[in-house]
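Trainee: Got a predicted model here, sequence first, then my questions.
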Amino acid sequence: MNSRIIGVGRYLPNRVVTTMESERFANFEKFGVKLGLCKMLTGCHERRYSEPDEYCSDIAAKAAEKAIENAQISRDEIDAVIFCSVSQDFAEPATVNVVMDLLGIDNAFGFDVKNACNAFLSGLDIADSLIKTNKARYVLVVSGEALSKWVSYEFEDKNDMINRAPVTFSIGDGGGAIILGGTDEEGVGFVKGIFETFPKYWNNNVVWGGGVRFPHSPEKMFIPGTTKVIIDEQRNLGKHLLPLLSSEVGWDFTKDIDHYVPTQVAKWINQSMSKELNFPMEKIVQVVEKYGNVGASNIPIALVELIESGKLKRGDKLLMTGVGVGINIASVAMVY
């Protein structure tokens, strides 16, 4: 028994915030910073912000509804639900409980997966294992990010603003969902998940609030700026993961991959990887321009974009990769 994608869906909040607007929120002129800096740094033109009363569970449920419809199965057939996001509704209980309640899924088990921006890829890997061990036939993996609620436009000085700009001004909200189902068909579906963690870098980009270290400190509930380590690891995905892809999967990155879906941090990073790895840009799925960096929802949102474009065909070889704070890197190979 193998697992394959049988349904996908995404949800993007209605409110569009341009990069120029977000720079005005931060009073760029006050600090003497020229408007347009963030667009230049990330390639992000706009992103979506959720409404004040629209939460992670709402966003996830709306994406899941579309995936269930796309899969053409009933919600009673879903055996497991995995909620995978950077943001969540609250510390306890797991946000998946709210998502399942909103969806009316009563006959499945559910849990949350936390692994920064790689939470979704981690969830897919777990879902594949559940299917291969006959613990589930259909698994809904879903993300709902309301990261804009963690964005702080308060800066100590000009340097603080510039250091935090690549993350703060590209963050967006949205949700994505993938349903994996069991199949006996040979040569299709989930091939391999490859993960690496570099724990010595845990202190990069920490959201300090919300945990027991600072349980009553709302001023610490914001996403800090990006760091050179995170950018370097994004660019070095090839060095870490592609040899493993070749040795464990038998795929040559430049010759065998039909579509590459990376996490959406910055447009220039993908362009740099394309050049360094001699991989055609037209095979790299980029949505950071339209939706910004949507945390763990990056991958499913970009995948739906690819499917809706009509470019992804059954039998195509698909590689999805990501970098998350912690720091961890991930790669999932599939035959669609």
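Mentor: Received, thanks. Numbering: from 1, shown residues only.

Trainee: What is the neighbour count of Asn70?
Mentor: Neighbour count of Asn70, defined by other CB atoms under 10 Å: 18. Where C-beta positions appear, they are placed from N, C-alpha and C, glycine not excepted.

Trainee: can you check Val265 too?
Mentor: Val265: 26 neighbours (other CB under 10 Å).

Trainee: Which strand or helix spans Glu54?
Mentor: Counting by DSSP states H and E, no helix or strand carries Glu54.

Trainee: how close does Gly324 sit to Ile299?
Mentor: 11 Å (CB to CB, to the nearest Å).

Trainee: now swap in Glu156 and tell me
Mentor: 33 Å.

Trainee: ok, back up a step: compare Gly324 and Ile299 and say which is more crowded by neighbours.
Mentor: Ile299 (30 against 25).

Trainee: Just confirm that one is within a strand.
Mentor: No - using DSSP: H, G, I helix; E, B strand; the rest coil, the assignment for Ile299 is helix, not a strand.

Trainee: ok, residues contacting the strand or helix carrying Ala330?
Mentor: In this assignment (DSSP H and E), Ala330 forms part of strand 328-335. Contacting residues not belonging to strand 328-335 are listed as 4-5, 115-116, 118, 121-122, 124-125, 187-198, 233, 237, 240-241, 244-245, 249, 251, 315-324 [CB atoms under 8 Å, 6 or more residues apart in numbering].

Trainee: roughly how far is that strand from the heart of the chain?
Mentor: Counting by CA atoms, centre = their mean, to the nearest Å, strand 328-335 is centred 12 Å from the centre of its parent chain.

Trainee: The closest residue to Glu77 other than its chain neighbours: neighbouring residues, count only.
Mentor: Among residues not flanking Glu77 along the chain, Tyr138 sits closest, at 5.4 Å (CB to CB, 6 or more residues apart in numbering). When neighbours are counted by other CB under 10 Å, Tyr138 registers 26.

Trainee: which residues touch Tyr138?
Mentor: Taking CB under 8 Å, 6+ apart, one finds 6, 71, 73, 77-80, 179-182 in contact with Tyr138.

Trainee: Select from the residues you listed the one having the most neighbours.
Mentor: That'd be Leu180 among those, by other CB under 10 Å, with 29 neighbours.
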